[in-house]
Structure formats: C-alpha cells, structure tokens
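Colleague: Sequence first, predicted model second:
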Amino acid sequence: MDQSRIITLPPDSDVLNTGQLAELEQSYQNWAAQVRGEKSQAARRRILAIFLLIRYTGAKLSEVLSLTGEDIDAACQSIRFHSGESNGREVRISEELAHRLREVLPSSGSEEKGAAAIKYFAVDPGFIRRKFYERATACGFDKKRGGPEMIRRARAVELMRGNLPLPAVQRLLGHSSPNLTTAYLSFSDEDMREATRLYMERESARLTSARNSFFGKVRALREGEVQTLVELATPDGESIFAIITRASAERLGLRLGMLATAEVKAPWLILESCDRPGHSSADNQREGVIVRIEAGRVNTECAVRLADGAELCAVLSTPGFLRLGLKEGDPARILFSANAVILQSA
C-alpha cells in the first residue's frame, strides 16, 4: 500500500522536512516574543497558535479558524475540529502541545477570554496566509512552501515517514473514507486515536530522531525460563519480533491484543542488497527502496522506504556501505534482531 496516496502532492512539490519545520516554528516563536504592546502581543500569539495547530494536527486552515473555546480542551489534550461531520472529529494532542497552547491562548481570567473564547480564531484567512508567507520568506524558504496548505501536507509526509499507521494519518487529516486493508480491520477507531496520541507524545519527548518505530498489537507471547518472545502484529499485516526479559514483560503488563510500540535504534539495523539471497537468522526482515543517503567520513545514514510508505533509517560505517555498492533507487533489505527491539506499552 502506498501511503503517499492519502494526500495529493504534485510531482514538483517541495514540502518542508522536519528540520525545516522546526526552523520555521522557532521563527514564529521569536517573532511572537519580539513585539511590545498588549494588542500586538495578542495578535501574534493568535497567529502562532494557528501555526502550531496546523503544524501538529494537520488540520485545514478553515477548520482552525472555525474553532471556538469549547473545541479546545488543553487539560484533556483534545481538540474537536468541525468540517461537515455531524459531531466533528476529535484529535488528541501531546502534553507539550497542550502546554504551549495554554501559553498563547487567552487565560481564563483575561478580559479577552469572554468573547475571544467563542471566536478567538475568527480571522481573515487571507491575512493569515500573508503572515504565513512572511514567516517562510524570513526563513529563506519560498513563500508557498510555508503556506497553510503546504504545512498541512508537510505534516502528513512527516507522519507517514514516522511510521504512523495509515488509518491514523487519514483520520487525523479528516479523510472521510480511510483506505482500510484487511489487516487494518482488526484495529478500531479507538486504537488509531491511541496510536496518534502515543506517536505525538513520543515525538515531543524524543531528543533524537535516530530511532525507527512501529505500532501494533501483541499477537503472541512465548515465555521462556528467563526471557519472553513477543510477536507484535503491525497494521500492514506484518510482524515485529522482540525478545525481552520476563520481568520486563510483567512490568509492561503485556497481554494478547494489547497495543504497544516497538523501537529500534538506527545503528542496530543491518542493510543488505536485495540482489543477494536473503539467507539470514535475523528475526525481523523488511524490503524496500533506498530513498535517501547521507554519507559522512565515518558513518552513512541510509533511509529505506517500505512498500506501505513507511521509512526505516539505518546508520552504518561508510566503508561498509560503500562495499554494498548501493545507491538511491536501489532495492534493499533491512534486518534486525529481536534482541534489538525496545518495547513500550500503550
């Protein structure tokens, strides 16, 4: 399944990557903090809040501008967007984002709170777009790359590359008819909302991007004298195998059907060419296409896109990578041991 189909991107489009989005976000933060005067501060905080909502929820500009105070529950880390649905759609946000929204939204005791809580985001969309273009230009980006629609698209690409399950991305973006395969049917709407919450919490807490993550349900538990073999069924129908101690399994409270995430550090992945026979004792094997190579003098980072659109990042020595003779566009196989998998319970 090609996850890129869930959002239309013209062939020549150039969405911002995670690093560029972070640079743009910092630009908004600095811009909002540099102005004096209560009214000017409130106006810039409003634009910052609109950017943060689109940046992290992937919502449409029209959906954000129609929000009322009752739609944002920062305490419960929940936002309800309305876009034609009878009850709208609920989006869970990270604790970090909820905290930042509380900082920029009117406080409960402010004079602005009364009327603003109802229509705080009722701003001319043309004005918002101009401000978005200004911030993008200030960062040295083409203004269109920083527009609300492109920020939404950049978020979608970021989520897909971060291995958030396809139905969870579709629901987050407000797609009315998710493309569900048979494998996905065993994952409920609540499972996908929980997957989104877990992803966002992990995203906000992570200090490094050098990990590969998977989301799934515990399919099997095989206990040994000291260790337990855990099989995690992922939404694409594949399995991730992990070996942890029995004490760890008990501490995590693992049980059949339970939601969990699995992470593997990039240096623990083994990369090999698909041209060679895949005879290996590695418990986990995935095949894909090399989409990005960043070579250094010592190490090389290589991103492999799987059939479902997810990407895995491997870090290996540059001499070792050169011996493989691989380049962008080549098919490649990713392998990793069950002992290299870190499990986290939902």
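Modeller: Cool, the structure landed. Residues are numbered from 1 along each chain as shown.
Colleague: hey, let's count contacts and neighbours off CA atoms from now on
Modeller: Noted.
Colleague: What residues of stretch 303-312 count as buried?
Modeller: By 16 or more other CA atoms under 10 Å, the buried positions in stretch 303-312 come out as 303, 304, 305, 306, 308, 309, 310, 311, 312.
Colleague: what does stretch 216-227 give?
Modeller: 216, 217, 218, 219, 220, 221.
Colleague: again, but for stretch 235-252
Modeller: Residues 235, 236, 239, 240, 241, 242, 243, 244, 246, 249 are the ones in stretch 235-252 that count as buried (16+ other CA under 10 Å).
Colleague: got a list of contacts for that stretch?
Modeller: 165, 181, 183-184, 187, 215-216, 223-234, 262, 283-284, 308, 337-345 (CA atoms under 8 Å, 6 or more residues apart in numbering).
Colleague: so who does residue 234 touch?
Modeller: Counted by CA under 8 Å, 6+ apart, residue 234 has contacts 214, 215, 216, 217, 240.
Colleague: hang on, the earlier thing: so of the contacts of stretch 235-252, which ones are in strands?
Modeller: Using DSSP state E, the subset of those located in strands is 215-216, 223, 227-233, 262, 284, 342-345.
Colleague: Give me the PyMOL select line for these, limited to the buried ones.
Modeller: Buried residues among the ones in strands among the contacts of stretch 235-252 (16+ other CA under 10 Å), as a PyMOL selection:
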select buried, resi 215+216+228+229+230+231+232+233+262+284+343+345
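Colleague: Where does confidence bottom out across the ones in strands among the contacts of stretch 235-252?
Modeller: Within the ones in strands among the contacts of stretch 235-252, pLDDT reaches its minimum at residue 345, with 80.
Colleague: Skip the chain neighbours and tell me the closest residue to it.
Modeller: Spatial nearest neighbour of residue 345, chain neighbours left out: residue 260 (4.5 Å); criterion: CA to CA, 6 or more residues apart in numbering.
Colleague: and if you look at residue 133?
Modeller: That would be residue 143: by CA to CA, 6+ apart, it lies 4.5 Å from residue 133.
Colleague: Model confidence at that neighbour, what's the number?
Modeller: pLDDT at residue 143 comes out at 93.
Colleague: List the contacts of it.
Modeller: So residue 143 contacts 132, 133, 134, 135, 136, 137 (CA under 8 Å, 6+ apart).
Colleague: phi, psi of it?
Modeller: phi -60, psi -30 (degrees, to the nearest 10).
Colleague: Might you list the low-confidence residue ranges for the stretch 51-200 of the chain?
Modeller: Along the stretch 51-200 of the chain, segments meeting pLDDT under 70 span 84-86, 106-118, 176-189, 192, 197-198.
Colleague: 90 - rerun?
Modeller: Counting by pLDDT under 90, the stretch 51-200 of the chain has low-confidence residues at 67-123, 153, 155-200.
Colleague: and the nearest residue to residue 216 once chain neighbours are set aside, how far is that from residue 331?
Modeller: Spatial nearest neighbour of residue 216, chain neighbours left out: residue 234 (4.3 Å); criterion: CA to CA, 6+ apart. Using CA to CA, to the nearest Å, residue 234 is found at 22 Å from residue 331.
Colleague: Can you show me the helices along the stretch 1-150 of the chain?
Modeller: 18-33, 38-57, 61-65, 95-104, 113-119, 125-138, 148-161 (DSSP state H, counting those that start in this stretch).
Colleague: I'd like those helices as JSON lines, with distance to residue 271 and mean neighbour count appended.
Modeller: Converted to JSON lines, those look like this (distance: least, CA to CA, whole Å; neighbours: other CA atoms under 10 Å):
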{"stretch": "helix 18-33", "distance to residue 271": "24", "mean neighbour count": "16"}
{"stretch": "helix 38-57", "distance to residue 271": "32", "mean neighbour count": "18"}
{"stretch": "helix 61-65", "distance to residue 271": "41", "mean neighbour count": "18"}
{"stretch": "helix 95-104", "distance to residue 271": "35", "mean neighbour count": "17"}
{"stretch": "helix 113-119", "distance to residue 271": "53", "mean neighbour count": "15"}
{"stretch": "helix 125-138", "distance to residue 271": "37", "mean neighbour count": "17"}
{"stretch": "helix 148-161", "distance to residue 271": "18", "mean neighbour count": "22"}
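Colleague: Just put these in a markdown table and tack on distance to residue 292.
Modeller: Putting the helices of the stretch 1-150 of the chain into a markdown table (distance: least, CA to CA, whole Å) gives the following:
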| stretch | distance to residue 292 |
| --- | --- |
| helix 18-33 | 15 |
| helix 38-57 | 24 |
| helix 61-65 | 31 |
| helix 95-104 | 30 |
| helix 113-119 | 44 |
| helix 125-138 | 25 |
| helix 148-161 | 12 |
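Colleague: which stretch among those comes nearest residue 80?
Modeller: Among the helices of the stretch 1-150 of the chain, helix 61-65 comes nearest to residue 80, with 9.5 Å by CA to CA.
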